[in-house]
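Undergrad: sequence and predicted structure are below.
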Amino acid sequence: MKNNILVIGGGPAGLEASANLKRMGYNVILIEKESKLGGHLAKWDRLFPDGVSARKTLEALTDEIRGVNCFTETQVQSLNILDKSYNAILSNGITVLADAVLLSSGFDLFKAEKKEEYGYGIYEGVITNADLEKAFREKKMPLNEPRAIGFVHCVGSRDEKAGNPACSKVCCATAVKQACEIKEVYPNADVYCFYMDLRMFGRHYEDLYLKAQKEFGIRFIRGRVSEVAEMADGRLQVKAEDTLSSKPIRVTLDMLVLMAGMRPSEAGRSVGRQINLTTEDDGFFSSEDNLLAIQKSKLPGFFYAGACTGPKTLPDTLHEARSAALEIDRYIKENTREK
Ligand SMILES: Cc1cc2nc3c(=O)[nH]c(=O)nc-3n(C[C@H](O)[C@H](O)[C@H](O)COP(=O)(O)OP(=O)(O)OC[C@H]3O[C@@H](n4cnc5c(N)ncnc54)[C@H](O)[C@@H]3O)c2cc1C
Ligand code: SF4
């Protein structure tokens, strides 16, 4: 069986689906626009809920893709639907005639500078969740003896003004995890989480939340931050309203970490536009059926896996990648001639 399957996007979803398709005997062509595989996982340090190493998790995924034809720094230049296949011309000059295509283009992080009131890109002390992961990963912490650090949940998510009323699912758990890690590095600092609701839905997530309160003394304040200003000494004055006590609060912080949410990948959408793939109001791709067939697009032979159909945790992404591989196998067996 040598049918060609084109996988677009070499993050966790693309890697896991490619490994499974290769094991099933397909000729897999995996393309990734960046110079390295791994997608966002390559940028994280330790993963919620158990704190396992993102680096080791990624190594385990890449170890499994032996035999996959893998092209980094490569994108789709043009994509056309033929009778029972897809013709893709890649930016490296290679043309692929694929019996099925899997799109695993993932997500982009919300651009935090769009929320001007938080001062990202203006005040040095304001960083994002991704910046903090980078600092943990490179062991280059930005502060010396800080007195107080805050985390703002729902940045660019659940926010009509930012054009995204949906929840990004992963950022409550990321905030609680990062708040605990910050306390490990700076045990004397006061740490605050400003949240709207806490969505700690997964297995062991609640344990992480309890640990954050009991072991690390992190203060959870229900309320949106309304204003951030830099003071003469470079520290940040943050105003919020505690909606549980209905009292305004004002805290002075050394660092404010913005929990930027997950938005549809622009590079993924540009592939979608070439074959008129449909998206939902939130900009993520629409599936044939959101319950029964989230891995199937509305086009025959075109499938999805991972965060290109909406915010997802890593385990959800990997489950979807495996089931997309099974769906592709079924599609090939039912619809195309095995080669
Ligand atoms: C701050 C933060 C922390 C997180 N921490 C955790 C955690 O601790 N635990 C957990 O379970 N989950 C975590 N997640 C979620 C996790 O990152 C995602 O579930 C996972 O990255 C989704 O994988 P993916 O392959 O679908 O997408 P991505 O990781 O976004 O990978 C997509 C890949 O496709 C490539 N690509 C896109 N378009 C194209 C194109 N046209 N051509 C070629 N390549 C393309 C991209 O360059 C990228 O490499 C976190 C998310 C965020 C935002
Ligand atoms: S997961 Fe939490 S922080 Fe992220 S958008 Fe949903 S409620 Fe907000």
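TA: Yes, it's here. Ligands and ions are numbered 1, 2, ... in the order given.
Undergrad: surely Asp289 touches Lys296?
TA: Yes. Asp289 is within contact range of Lys296, at 7.4 Å (criterion: Cβ atoms under 8 Å). Heads up, the C-betas are built off the backbone N, CA and C, glycines and all.
Undergrad: which one of the two is surrounded by more residues?
TA: Looking at Asp289 and Lys296 with other Cβ atoms under 10 Å, you find the greater number of neighbours at Lys296, namely 19 against 10.
Undergrad: the more buried one: what's it in contact with?
TA: Residues in contact with Lys296 (Cβ atoms under 8 Å, 6 or more residues apart in numbering) are Ser287, Glu288, Asp289, Phe303, Tyr304, Glu327.
Undergrad: now check stretch 207-215, is it near ligand 1?
TA: No. Residues of stretch 207-215 are not located near ligand 1 by Cβ under 6 Å from any ligand atom, the shortest gap being 10.5 Å.
Undergrad: which other residues reach that stretch?
TA: Phe48, Pro49, Ala173, Val176, Lys177, Ala179, Cys180, Cys193, Leu198, Met200, Ile218, Phe220.
Undergrad: is that stretch in proximity to ligand 2?
TA: No. Residues of stretch 207-215 contacting ligand 2 under Cβ under 6 Å from any ligand atom: none, with a closest distance of 11.6 Å.
Undergrad: could you chop the chain up by domain?
TA: What automatic domain parsing lists as the domains of the chain is 4-106+265-335, 110-261.
Undergrad: where in this structure is pLDDT low?
TA: 1, 337-339 (pLDDT under 70).
Undergrad: related to what we said a few turns ago, can I get the contacts of stretch 207-215 in JSON lines with neighbour count and secondary structure?
TA: Formatted as JSON lines, the contacts of stretch 207-215 follow (neighbours: other Cβ atoms under 10 Å; DSSP: H, G, I helix; E, B strand; the rest coil):
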{"residue": "Phe48", "neighbour count": "23", "secondary structure": "coil"}
{"residue": "Pro49", "neighbour count": "19", "secondary structure": "coil"}
{"residue": "Ala173", "neighbour count": "22", "secondary structure": "helix"}
{"residue": "Val176", "neighbour count": "29", "secondary structure": "helix"}
{"residue": "Lys177", "neighbour count": "24", "secondary structure": "helix"}
{"residue": "Ala179", "neighbour count": "23", "secondary structure": "helix"}
{"residue": "Cys180", "neighbour count": "20", "secondary structure": "helix"}
{"residue": "Cys193", "neighbour count": "24", "secondary structure": "strand"}
{"residue": "Leu198", "neighbour count": "17", "secondary structure": "coil"}
{"residue": "Met200", "neighbour count": "18", "secondary structure": "coil"}
{"residue": "Ile218", "neighbour count": "22", "secondary structure": "coil"}
{"residue": "Phe220", "neighbour count": "19", "secondary structure": "strand"}
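Undergrad: farthest-apart pair in those residues, please.
TA: Pro49 and Phe220 (17.1 Å; Cβ to Cβ).
Undergrad: what is the burial count for the closest residue to ligand 1 within the stretch 101-250 of the chain?
TA: Ligand 1 sits closest to Gly106 of the stretch 101-250 of the chain, with a gap of 2.2 Å, by Cβ to the nearest ligand atom. Gly106 has 25 neighbours, counted by other Cβ under 10 Å.
Undergrad: contacting residues for it?
TA: Gly9, Gly11, Ala13, Gly39, His40, Ser265, Gly268, Gly306, Ala307, Cys308.
Undergrad: the first one: what's it in contact with?
TA: Contact criterion Cβ under 8 Å, 6+ apart gives Ile31, Glu32, Lys33, Gly39, Leu103, Ser104, Ser105, Gly106, Ser265, Gly268, Gly306, Cys308 as the residues in contact with Gly9.
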